[in-house]
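3D model of this:
(one chain, ligands or ions: 1)
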Amino acid sequence: MPEIKTNNLTHTFGKGGENALTVLEDIDLTFESGSFNSIIGTSGCGKSTLLKMMAGLFDPSDGAMTLDGTVIHGTDRRRGMVFQQDAVFPWMTVAKNISYGPRLRGASKAQQAEIEAKWTEMVGLKGFEDRWPRELSGGMRKRVDIGRVYANDPDVLLMDEPFGALDAQTKERMQSDLLQTWNQTKKTVIFVTHDIEEAIFLSDKIVVLSSRPGRVHHIEEVSLPRPRTDDMRLTEEFLEIKRRLWAMLDH
Ligand SMILES: Nc1ncnc2c1ncn2[C@@H]1O[C@H](COP(=O)(O)OP(=O)(O)OP(=O)(O)O)[C@@H](O)[C@H]1O
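Model prediction:
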């Protein structure tokens, strides 16, 4: 499984123009192969910008990002992205949403059926294969989104506040389920969130960005044992990390 690196990455929107805005500066990061990483920081510090560049939606103005030593340029199925707003196609059933990518690439009917069966089960939607998105809750649609990205078999999952719109209870359930899927597949995950507790619960490493311009302010290595369980959220070790990160984010 591959590693993502950023080398002296800087990004200025409208570079050279009157309204140039440097959002990220000198970002040097390594996201190890198979690890779960989060990026946190105050609103507007450049988290989404960093993630979108990793997805290849645009290039950094200076520096580079590499996946397995190859410079990232343009979007690629190897880097799958999940956004906060679900991107489920309303005119396709759950199963057809999930097998959309492989179908586009010419997967046979048998391969599609296999992928649909595997990923509806993995994301907890077994029994809902033939449902339409309008019949699903927000959390279930998010599961479809995640299944669809996984069905493309990416090496890296880039997630931009995927659970940001869900209620607290659904969110916790989704976090545990995501960790279970991650544990079975060991894809490298980079997860942007506003939620410190979510970042601690999920991650091996948390990158704290400062703002204006966004720089790497702190890297927290989370050594809580795995598998993570909900009762860990109340342990002294967890709360200690939470207090430390909370103070850094200037609340
Ligand atoms: N396409 C763009 N052109 C110009 N400025 C942009 C563009 N996209 C983002 N920005 C600016 O870059 C800064 C960082 O935005 P970004 O969305 O990356 O922050 P964020 O940390 O993800 O914020 P939030 O937590 O609120 O989602 C903001 O000041 C934003 O206004």
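
okay but residue 219 is in contact with residue 205, surely?
Yes - here residue 219 reaches residue 205: they are 6.3 Å apart, a contact under CB atoms under 8 Å. (C-beta placed from N, C-alpha, C; glycine too.)

run a quick neighbour tally on whichever residue of the stretch 101-250 of the chain sits closest to the ligand.
For the stretch 101-250 of the chain, the residue positioned closest to the ligand under CB to the nearest ligand atom is residue 194, at a distance of 5.8 Å. The number of residues packed near residue 194 is 14, by other CB atoms under 10 Å.

could you measure from it over to residue 209?
Counting by CB to CB, to the nearest Å, the separation of residue 194 from residue 209 is 12 Å.

mutual contacts of the two, please.
In terms of CB atoms under 8 Å, 6 or more residues apart in numbering, residue 194 and residue 209 are both contacted by the residues residue 40.

coming back round to it: more neighbours: which of residue 219 and residue 205?
Neighbours around residue 219 and residue 205, counted as other CB under 10 Å, are more numerous at residue 205. The numbers are 19 against 12.

report the beta-bridge partners for that one.
Bridge pairing for residue 205 (DSSP bridges) gives the partners residue 37, residue 221.

enumerate every residue touching it.
With contact set as CB under 8 Å, 6+ apart, residue 205 has these partners: 31-32, 35-38, 219-222.

check residue 11 too.
In this structure, residue 11 makes contact with 22-24, 46, 49-50, 53, 60-62, judged by CB under 8 Å, 6+ apart.

can you confirm it is in a strand?
Yes - per DSSP: H, G, I helix; E, B strand; the rest coil, residue 11 lies within a strand segment.

after the helix or strand of the chain with the lowest mean pLDDT comes which helix or strand?
Every helix and strand in the chain was compared by mean pLDDT, DSSP states H and E; the lowest is strand 70-71, with a mean of 90. The C-terminal neighbour of strand 70-71 among helices and strands, as given by DSSP states H and E, is strand 79-82.
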